[in-house]
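Asker: A predicted structure for the sequence below; I have some questions about it.
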Amino acid sequence: MTAAAATAAGGGRRRFEPPARDAVAADCFDHPLFAGMAAFGDLLQAAVWPSVRSLDARLALPGKTLVAQDAALLADGLHYEARIAQGRIATRAGNWHDLFNALVWARYPQLKVALNAAQCRHMATVPSGQRNRAQAALTQFDETGVVVRVRDPLVLAAWDAHDWAALFAPAWWQSGSIAIAAVFGHALMEQALLPGRLLVGKCVVVQGDERAACIEVVANAIDAGTVLDDPLQLRPLPLAGVPGWHDVQDVAFYGNADYFRPLREGRRYPPPLHTAGSVDG
């Protein structure tokens, strides 16, 4: 949702200014945060921007068309989400945020469709120009969302307590006790164009084994309205703490309480979703 780009993924309020296309080094996209975008490397690394028309033809989104966000389009007076529900995704040419948004539509269409349907349901229940807590949660997940897969409840206990030293223990990540199933938020990708930026993902957690099944469970839960009722339901994950995701990950780095923030008094997170056949323990 392009209007939400003004909010920095790390929780700030200043508008993020991405680098120019020719200022982004090709190896930027080797970072694990961009792993889900590997199939679109040419669109990210080419010297020139793809046109909205050519991007639409390349991605061929089922039931959706990328359309240039210009004065003629905006003259219809429709809300961004309402227009998507009609099949048109407003897209700005030469814009990193909207390019990543389009690529996420191609990579994770089930999540995008579910989020749009949920936004439209809520829009129908609140006065024009207003937003409820669920809409804020849906937007945060759309912009900065990460789907995390877990197997070991001890991992969740550490996360519940913001015990970052335990959560980011390399052994847990190497064994698959916890893993990133999908970096979904297109604002995260935009901000990751500046290497070394300390980003925070807003996570929905699934207990299960298969990445695709975890993503499907999240999409189904959004569609059913059983998740994302409030932004506080999203678990923050300081992504630079994931083993191998930042250049220097020493004791001093993990001791930065401005980034690895302690748990606020009274903060509680929801239990994980479950894929079919997954069990606790």
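Answerer: Perfect, thanks for sending it.

Asker: top strand in the protein by residue count?
Answerer: strand 200-207 (DSSP state E).

Asker: what lies in contact with it?
Answerer: Contacts to strand 200-207, defined as Cβ atoms under 8 Å, 6 or more residues apart in numbering, come from residues 9-11, 140-141, 144-151, 156, 159, 181, 183, 185, 188, 214, 217-218, 221, 227-228, 231, 234-239, 259, 272-275, 278, 280. Using the backbone N, CA and C atoms, a C-beta is placed for each residue, glycine as well.

Asker: confirm residue 149 sits in a strand?
Answerer: Yes. Assigned with DSSP: H, G, I helix; E, B strand; the rest coil, residue 149 falls within a strand.

Asker: report the beta-bridge partners for it.
Answerer: Residues in a beta bridge with residue 149, per DSSP bridges, are residue 179, residue 206.

Asker: picking that back up, mind listing what's buried along whatever helix or strand comes next after the longest strand of the chain?
Answerer: Per DSSP states H and E, strand 200-207 leads on to helix 211-224 as the next helix or strand towards the C-terminus. For helix 211-224, a neighbour-count test (16 or more other Cβ atoms under 10 Å) marks 211, 213-219, 221-223 as buried.

Asker: let's have these in CSV, adding distance to residue 120 and pLDDT.
Answerer: Below are the buried residues of helix 211-224 laid out as CSV (distance: Cβ to Cβ, whole Å; pLDDT from 0 to 100):
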residue, distance to residue 120, pLDDT
211, 28, 95
213, 26, 97
214, 25, 97
215, 21, 97
216, 21, 98
217, 22, 98
218, 18, 98
219, 15, 98
221, 17, 98
222, 12, 98
223, 12, 97
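
Asker: and whichever strand or helix holds residue 117, average pLDDT?
Answerer: Element membership of residue 117 [criterion: DSSP H and E] is helix 109-123. The average pLDDT for helix 109-123 rounds to 97.

Asker: which pLDDT value goes with the closest residue to residue 233 other than its chain neighbours?
Answerer: Distance criterion Cβ to Cβ, 6 or more residues apart in numbering; nearest residue to residue 233, sequence neighbours excluded, is residue 270 at 5.3 Å. On pLDDT, residue 270 comes in at 96.

Asker: run a quick neighbour tally on residue 270.
Answerer: Using other Cβ atoms under 10 Å, residue 270 has 16 other residues around it.

Asker: if I've got this straight, it is in a strand?
Answerer: No. Remark: residue 270 does not belong to a strand; assigned using three-state DSSP, it is coil.

Asker: and it, how far from residue 89?
Answerer: 30 Å (Cβ to Cβ, to the nearest Å).

Asker: before we move on, what about residue 222?
Answerer: Using Cβ to Cβ, which is the criterion applied here, residue 222 is 18 Å from residue 89.
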